[in-house]
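Show me the folded form of this:
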Amino acid sequence: PCPAASQRTALRSLPLLPSLSLPMDLPMALLPMHLPPMSALAMVPPLLLEVGNHQIEVAETLIAVGEFLVIFVAARLLAELMVRIQLPTILGELVAGVLIGVSGLHLIVPPETQAQLSAWLLGLVGSLAEVTPETVQELYSETFPNLQAVSQIGLYALLFLTGLESELDELVAVGMQATTVAVTGVVLPFVLGTAGLYYLFDVPLIPAIFAGAAMTATSIGITASVFGELKFLKTREGQTVIGAAVLDDILGIVILAVVVSLAGGAGFSPGPILKLVAAAGVFVAAALFLSRTAAPGFDWLLDRLKAPGEVVVASFVVLSLCCFSAQAIGLEAALGAFAAGLILSASKHTHAIDAAVKPLVALFATIFFVLIGTGMDLAVLNPFTPDNHEGLIIAAFLLVVAIVGKIAAGWSYLSKEKTNRLVVGLGMMPRGEVGLIFLGLGTQAGLLTESLEAAILLMVIGTTFLAPILLRLVLRGSSGGPDLDPLAEIPT
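All right, here's what the predicted structure looks like:
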């Protein structure tokens, strides 16, 4: 076991022993070596125990507060830069993670990467807490799961918000066109990506399926922001893309839930797959049904709550129940978070819920995206290293499939009216925050190698950067609708 962890456990669990009269400066090395650690520690004077306990608590606090400080400052600086060049802020958060993580300054590094924190940072925290740098590193590794748990709140809140802002009525209005675009935009990248990785690059089946699933996503927020800025959101193309993106999210998250569950030990055989697909389908269908039937009951309850914070607390109760239910039946909790948003999307308090949850997304989802970046070892993309050439080829392959698959979806539907099919295809292209959610969950599940992880990252970054630029070029001089749409306010 970790020496610092053992020492801390012992220090915190032992009672004070005022009857001992050993010298106060008795070093641990002079204690009887034949005694077990607890017996040896029991011979240490109480004041020494208290000082050691205090030092460890100081080190833990400095580590925890320092993590938040580094993450938020770095993320905010890069997000501000992205806003000024008209790109999604999540890319800034991701790049911030890369800069402070394994590929950069080593200020935040996931323990599973086996990387060490920056020596000067270890020395600084150690000197302030009066412990050794080795103890700081051990405490950091031990407490890092707490930071990951906080980041999960951001993930679930973001998926909840995505479901909440899914305009089901608009989806019905564009009907079969949006459905055809969505299904094509999911099936083409998924099949081509999975088959290519498995047959051409000999990637194992489960990681290949996961990478294929990561290419199915479409970021509603990025596309809606560009369409809204150009006043093109109210056009038939804009509504088709938004409706298809909603369906993309549903289909993609269902695939994600199935793949992660299979990777967790269900095995790759028809029985478990059909069972998980059926469970996911029933779960989403139940959420859509409850969005029409349970929302009035939620509104009735919310109208009768008077204590401050009733909107966000009640919303998170629904969120927690759905995450619990999804996990309990063998699905991923992320699907439950999205379903919770769908259920409340028909509430008359949607705008109040949206306003209450967005600050939490801005705070905690930032941690989630930054942590994705911290674990990225971009050294595997160095073209001057011969061993990296295959990974770079995989990255180029995924990027091409991701672009071609979505653009082709623009030509997959029938329409009597003249429509700009290239705009539809480009609107489906950015993966954005949804693609990063897929990547983060794949990393946490241990499904991806470093090269495949970096390849998916490049695919997400490439499509997210290219889509807004290409849409602005294609739509330059065009103007569709008279005003902006609330969907343009989705955080990106």
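
which element is the residue nearest in space to the middle of the chain on?
Taking Cα atoms, centre = their mean as the criterion, Ile437 is the residue nearest the geometric centre of the chain, at 3.6 Å. Following DSSP states H and E, one finds Ile437 within helix 432-444.

repeat for Lys306
Using DSSP H and E, Lys306 sits within no helix or strand.

From Tyr156, how far out is it?
To Tyr156, Lys306 is 27 Å away according to Cβ to Cβ, to the nearest Å. C-beta: built from backbone N, CA, C; applies to glycine.

more neighbours, the two?
Set Lys306 next to Tyr156 and count neighbours by other Cβ atoms under 10 Å: Tyr156 wins out with 27 against 6.

so what's that one closest to, chain neighbours aside?
Ala337 (4.0 Å; Cβ to Cβ, 6 or more residues apart in numbering).

The one you found: neighbour count?
Other residues close to Ala337 by other Cβ under 10 Å number 25.

Render the CA-only coordinates of the helix or strand containing Pro296 in CSV, please.
Secondary structure assignment for Pro296, by DSSP H and E: helix 295-303. This file holds the C-alpha atoms of helix 295-303, laid out as CSV (Å, rounded to 0.1, in the frame of the first residue of the first chain):
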residue,chain,number,x,y,z
ALA,A,295,-43.5,16.8,-17.1
PRO,A,296,-46.8,18.2,-15.8
GLY,A,297,-46.3,16.4,-12.5
PHE,A,298,-42.8,17.8,-12.2
ASP,A,299,-44.3,21.3,-12.9
TRP,A,300,-47.0,20.8,-10.3
LEU,A,301,-44.4,19.8,-7.7
LEU,A,302,-42.0,22.6,-8.6
ASP,A,303,-44.8,25.2,-8.3
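
re the thing from before, what packs against the helix holding Ile437?
In terms of contacts (3 or more Cβ pairs under 8 Å, 6 or more residues apart in numbering; DSSP states H and E), helix 432-444 is packed against helix 89-100, helix 133-164, helix 205-214, helix 220-229, helix 236-261, helix 366-374, helix 450-475.

Met428 is nearest to which of those helices?
When the helices and strands packed on helix 432-444 are compared by Cβ to Cβ, helix 236-261 sits nearest Met428, at 6.1 Å.

which helices and strands sit right next to the closest one?
Contact here means 3+ Cβ pairs under 8 Å, 6+ apart; on that basis helix 236-261 packs against helix 133-164, helix 168-195, helix 205-214, helix 220-229, helix 270-293, helix 333-344, helix 421-427, helix 432-444.

before we move on, back to that, just how off-centre is the helix holding Ile437 within its chain?
5 Å (Cα atoms, centre = their mean, to the nearest Å).

change the start of the numbering to 27 and stick with it
Shifting the count to begin at 27 puts that one at helix 458-470.

what angle do that helix and helix 231-240 make?
Using axes from the mean of the first three to the mean of the last three Cα atoms, to 10 degrees, the direction of helix 458-470 lies 170 degrees away from that of helix 231-240.

what does helix 458-470 rub up against?
Defining contact as Cβ atoms under 8 Å, 6 or more residues apart in numbering, one finds that helix 458-470 is touched by 114, 116, 120, 174, 181, 184-185, 188, 236, 239-241, 243-248, 275, 278, 282, 286, 358, 360, 391, 394-395, 397-398, 401, 474, 479, 482-483, 485-486, 489-490, 518.

Also stretch 412-432?
Applying Cβ under 8 Å, 6+ apart, the external contacts of stretch 412-432 come out as 211, 214-215, 218-219, 222-223, 226-227, 229, 237, 241, 244, 405-409, 451-452, 454-455, 457, 477-478, 480-482, 484-485, 488-489, 492.

go with 7 Å
211, 214-215, 218-219, 222, 227, 237, 241, 406-409, 451, 454-455, 477-478, 480-482, 484-485, 488-489 (Cβ atoms under 7 Å, 6 or more residues apart in numbering).

Now stretch 338-354: buried residues?
Neighbour counts using 16 or more other Cβ atoms under 10 Å place Val338, Ala340, Ser341, Phe342, Val344, Leu345, Cys348, Cys349, Ser351, Ala352, Gln353 of stretch 338-354 among the buried residues.

Send over that stretch as PDB, restricted to the C-alpha atoms.
C-alpha atoms of stretch 338-354 as PDB (Å, rounded to 0.1, in the frame of the first residue of the first chain):
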ATOM      1  CA  VAL A 338     -31.800  23.100  -9.700                       C
ATOM      2  CA  VAL A 339     -32.300  20.600  -6.800                       C
ATOM      3  CA  ALA A 340     -35.500  19.100  -8.300                       C
ATOM      4  CA  SER A 341     -33.800  18.900 -11.700                       C
ATOM      5  CA  PHE A 342     -30.800  17.100 -10.200                       C
ATOM      6  CA  VAL A 343     -33.100  14.700  -8.400                       C
ATOM      7  CA  VAL A 344     -34.600  13.700 -11.700                       C
ATOM      8  CA  LEU A 345     -31.100  13.500 -13.200                       C
ATOM      9  CA  SER A 346     -29.800  11.300 -10.400                       C
ATOM     10  CA  LEU A 347     -32.900   9.000 -10.600                       C
ATOM     11  CA  CYS A 348     -32.300   8.500 -14.300                       C
ATOM     12  CA  CYS A 349     -28.600   7.900 -14.000                       C
ATOM     13  CA  PHE A 350     -29.300   5.400 -11.200                       C
ATOM     14  CA  SER A 351     -31.900   3.600 -13.300                       C
ATOM     15  CA  ALA A 352     -29.700   3.400 -16.400                       C
ATOM     16  CA  GLN A 353     -26.800   2.000 -14.400                       C
ATOM     17  CA  ALA A 354     -29.000  -0.400 -12.600                       C
END
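
This completes my enquiry, with thanks.
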